[in-house]
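J.: predicted model follows, preceded by the sequence.
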Amino acid sequence: MENEVPKAEATGAEAVAKKESFSARVNELKGAVAKMSRTTKTFIIVLAVAAIILGGAYYFKSLFVAATVDGTPISRLSIVRELEKKAGKNVLDTLITKKLIEDEVKKQGIIVKSEDVESEIKKIEAQVTAQGGTLEQALSGQGMTDADLWEQIMINKELEQLLADKITVSDEEINQYLSTNKIAPTKGVSSDDLKNQTREQLKGQKFNTEAAKLIDDLRAKATIKYYTQY
């Protein structure tokens with residue numbers, strides 16, 4: 001037939017028609033949005049923001065609510081308040097002390113290597129294992145985690161460097177201590193082993209005394225303002 005349109009041309013025409021139809025719908029939608037009143041637009045925005053907030057609140061609920069009892073929430077803030085009543089002062093003093101030590105360590109340019117901390121942890125673990133336990137059990141019994149142990153050893157190592165010239169123990173001090181306390185080597189313990197044990201013992205005593213003095217000195221020099229009283 002003379003008037004019959006080739007199939008390929010018909011398909012192309014249909015595509016163009018669909019494209020024009022889609023464009024027309026888009027323009028209609030744009031027009032509808034443009035015709036919306038400012039109040040309507042504001043309302044839609046508010047709904048969208050509210051949905052986001054509610055969704056976020058649901059997702060992060062555990063950050064604010066610790067538990068619910070028959071639908072009534074117990075906030076994490078209430079737990080924090082109870083903990084502050086019982087140990088707030090001690091915790092705050094501990095954090096202040098850590099900050100003072102941290103600042104002094106930076107001031108003195110002291111650096112403690114991770115390998116030194118790991119080596120100390122391995123020694124502790126070996127001692128605990130020799131006594132028939134595990135490091136995990138020992139930490140759990142003290143209410144500590146691996147991170148707590150790491151931090152404690154790191155601080156001790158930093159203090160040892162800060163107090164290096166004050167916690168050394170001479171041979172004369174060791175001999176004097178053994179003589180004064182009439183301590184002699186026992187079966188299975190050599191004289192050198194006894195002296196080494198005594199050295200570590202005396203060093204530990206000096207460390208505790210000098211560390212306390214250092215912290216008192218740092219507190220006296222620092223400007224500490226308390227905004228919460230316990």
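T.: That came through fine.
J.: restricting to C-alpha, output the one helix or strand residue 151 maps to in CSV.
T.: Residue 151 is part of helix 146-162 when elements are defined by DSSP states H and E. Provided in CSV are the C-alpha atoms of helix 146-162 (Å, rounded to 0.1, in the frame of the first residue of the first chain):
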residue,chain,number,x,y,z
ASP,A,146,43.4,-5.3,77.8
ALA,A,147,43.2,-1.6,76.9
ASP,A,148,43.2,-0.7,80.6
LEU,A,149,46.4,-2.8,81.2
TRP,A,150,48.1,-1.3,78.2
GLU,A,151,47.3,2.2,79.4
GLN,A,152,48.5,1.5,82.9
ILE,A,153,51.8,0.0,81.8
MET,A,154,52.3,2.9,79.4
ILE,A,155,51.8,5.4,82.2
ASN,A,156,54.2,3.5,84.5
LYS,A,157,56.8,3.4,81.8
GLU,A,158,56.5,7.2,81.2
LEU,A,159,56.8,7.8,85.0
GLU,A,160,59.9,5.6,85.1
GLN,A,161,61.5,7.8,82.6
LEU,A,162,60.4,11.0,84.3
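J.: care to break this structure down by domain?
T.: Listed domain ranges for the chain are 7-76, 168-230 (source: automatic domain parsing).
J.: quick one: the shortest one to chain centroid distance?
T.: Using C-alpha atoms, centre = their mean, to the nearest Å, the mean C-alpha position of domain 168-230 is found 31 Å from that of the whole chain.
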